[in-house]
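# What would the 3D arrangement of this be:
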Amino acid sequence: MSFVVVARYVVQPGERDRVLELLAPMVSASRAEPGCRRYDVHAGVEDDVVVLVEEYDGEDDFARHCESEHFQRIVLGQVVPLLADRQVTRCRPVEA
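Numbers count the residues shown, from 1 in each chain. Reported below is the predicted structural model:
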(Lines give C-alpha, C1' and ligand atoms only; values in the text may rest on other atoms or scores of the structure.)
Protein backbone atom coordinates (compact mmCIF):
# COMPACT_ATOMS: atom_id res chain seq x y z
CA MET A 1 0.00 0.00 0.00
CA SER A 2 1.39 3.40 -0.92
CA PHE A 3 1.87 6.41 1.35
CA VAL A 4 0.80 9.84 0.06
CA VAL A 5 1.84 13.27 1.29
CA VAL A 6 0.14 16.52 0.33
CA ALA A 7 2.09 19.62 1.31
CA ARG A 8 0.28 22.96 1.04
CA TYR A 9 2.51 26.02 1.08
CA VAL A 10 1.10 29.55 1.39
CA VAL A 11 3.90 31.66 -0.01
CA GLN A 12 4.73 35.12 1.30
CA PRO A 13 3.69 37.90 -1.13
CA GLY A 14 6.05 38.24 -4.07
CA GLU A 15 7.94 34.99 -3.38
CA ARG A 16 5.95 32.44 -5.40
CA ASP A 17 8.25 32.45 -8.44
CA ARG A 18 11.29 32.04 -6.20
CA VAL A 19 9.68 29.12 -4.34
CA LEU A 20 8.81 27.41 -7.64
CA GLU A 21 12.37 27.97 -8.86
CA LEU A 22 13.78 26.43 -5.68
CA LEU A 23 11.45 23.43 -5.91
CA ALA A 24 12.41 22.59 -9.51
CA PRO A 25 15.54 20.59 -8.57
CA MET A 26 13.56 18.86 -5.81
CA VAL A 27 11.41 17.14 -8.43
CA SER A 28 14.22 15.26 -10.16
CA ALA A 29 16.15 14.57 -6.95
CA SER A 30 13.06 13.27 -5.15
CA ARG A 31 11.86 11.15 -8.06
CA ALA A 32 15.28 9.48 -8.12
CA GLU A 33 14.94 8.37 -4.48
CA PRO A 34 14.22 4.70 -3.83
CA GLY A 35 10.54 4.27 -2.99
CA CYS A 36 9.37 7.53 -4.54
CA ARG A 37 6.50 6.89 -6.96
CA ARG A 38 5.44 10.48 -7.56
CA TYR A 39 6.60 14.00 -6.74
CA ASP A 40 4.60 16.76 -8.41
CA VAL A 41 4.51 20.51 -7.80
CA HIS A 42 1.34 22.53 -8.49
CA ALA A 43 0.88 26.32 -8.39
CA GLY A 44 -2.41 27.93 -7.42
CA VAL A 45 -4.14 29.78 -10.25
CA GLU A 46 -5.78 32.44 -8.11
CA ASP A 47 -3.50 32.71 -5.09
CA ASP A 48 0.03 32.27 -3.76
CA VAL A 49 -0.43 28.63 -2.85
CA VAL A 50 1.95 25.88 -3.95
CA VAL A 51 0.90 22.25 -3.48
CA LEU A 52 3.20 19.25 -3.57
CA VAL A 53 1.71 15.80 -4.11
CA GLU A 54 4.10 13.04 -3.21
CA GLU A 55 3.65 9.28 -3.24
CA TYR A 56 5.99 6.70 -1.75
CA ASP A 57 6.04 2.93 -1.45
CA GLY A 58 5.75 3.35 2.31
CA GLU A 59 6.05 5.75 5.23
CA ASP A 60 9.70 4.79 5.76
CA ASP A 61 10.51 6.00 2.24
CA PHE A 62 8.97 9.38 3.05
CA ALA A 63 10.97 9.52 6.29
CA ARG A 64 14.17 8.92 4.30
CA HIS A 65 13.10 11.66 1.87
CA CYS A 66 12.81 14.10 4.78
CA GLU A 67 16.32 13.17 5.90
CA SER A 68 17.84 13.64 2.43
CA GLU A 69 20.42 16.33 1.79
CA HIS A 70 18.31 18.02 -0.89
CA PHE A 71 15.21 18.18 1.35
CA GLN A 72 17.16 19.58 4.27
CA ARG A 73 19.02 22.13 2.14
CA ILE A 74 16.28 23.24 -0.26
CA VAL A 75 12.93 22.76 1.48
CA LEU A 76 13.87 23.39 5.09
CA GLY A 77 16.77 25.75 4.42
CA GLN A 78 15.47 27.86 1.54
CA VAL A 79 11.75 27.32 0.89
CA VAL A 80 10.29 27.29 4.41
CA PRO A 81 11.64 30.78 5.25
CA LEU A 82 9.65 32.12 2.25
CA LEU A 83 6.33 30.69 3.47
CA ALA A 84 3.53 32.30 5.45
CA ASP A 85 2.06 28.87 6.24
CA ARG A 86 2.91 25.22 5.65
CA GLN A 87 0.59 22.27 6.12
CA VAL A 88 1.67 18.70 5.51
CA THR A 89 -0.98 15.98 5.36
CA ARG A 90 0.07 12.34 5.42
CA CYS A 91 -2.43 9.97 3.79
CA ARG A 92 -3.09 6.33 3.06
CA PRO A 93 -5.29 5.28 0.16
CA VAL A 94 -8.84 4.26 1.12
CA GLU A 95 -10.24 1.20 -0.55
CA ALA A 96 -13.67 2.00 -1.98
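# And the strands in this protein?
Under the criterion DSSP state E, the chain contains strands at 3-11, 36-43, 49-56, 83-91.
# Residues in contact with the first one: which ones?
When you say that, I think you mean strand 3-11. Applying C-beta atoms under 8 Å, 6 or more residues apart in numbering, the external contacts of strand 3-11 come out as 19, 47-59, 61-62, 79, 82-93. Where C-beta positions appear, they are placed from N, C-alpha and C, glycine not excepted.
# Report the buried members of those residues.
19, 48, 50, 52, 54, 55, 56, 61, 62, 79, 82, 83 (16 or more other C-beta atoms under 10 Å).
# wait, what's in contact with residue 45?
Going by C-beta under 8 Å, 6+ apart, the list of residues near residue 45 is empty.
# what's the distance between it and residue 71?
As judged by C-beta to C-beta, to the nearest Å, residue 45 and residue 71 stand 27 Å apart.
# what's the answer for residue 12, then?
From residue 12 to residue 71 the distance is 20 Å (C-beta to C-beta).
# Which one's more surrounded, those two?
Between residue 12 and residue 71, residue 71 has the larger neighbour count (other C-beta atoms under 10 Å), namely 18 against 15.
# Residue 36 contacts residue 65, doesn't it?
Yes. Here residue 36 reaches residue 65: they are 6.7 Å apart, a contact under C-beta atoms under 8 Å.
# Report the central residue of this structure.
residue 52 (4.2 Å; C-alpha atoms, centre = their mean).
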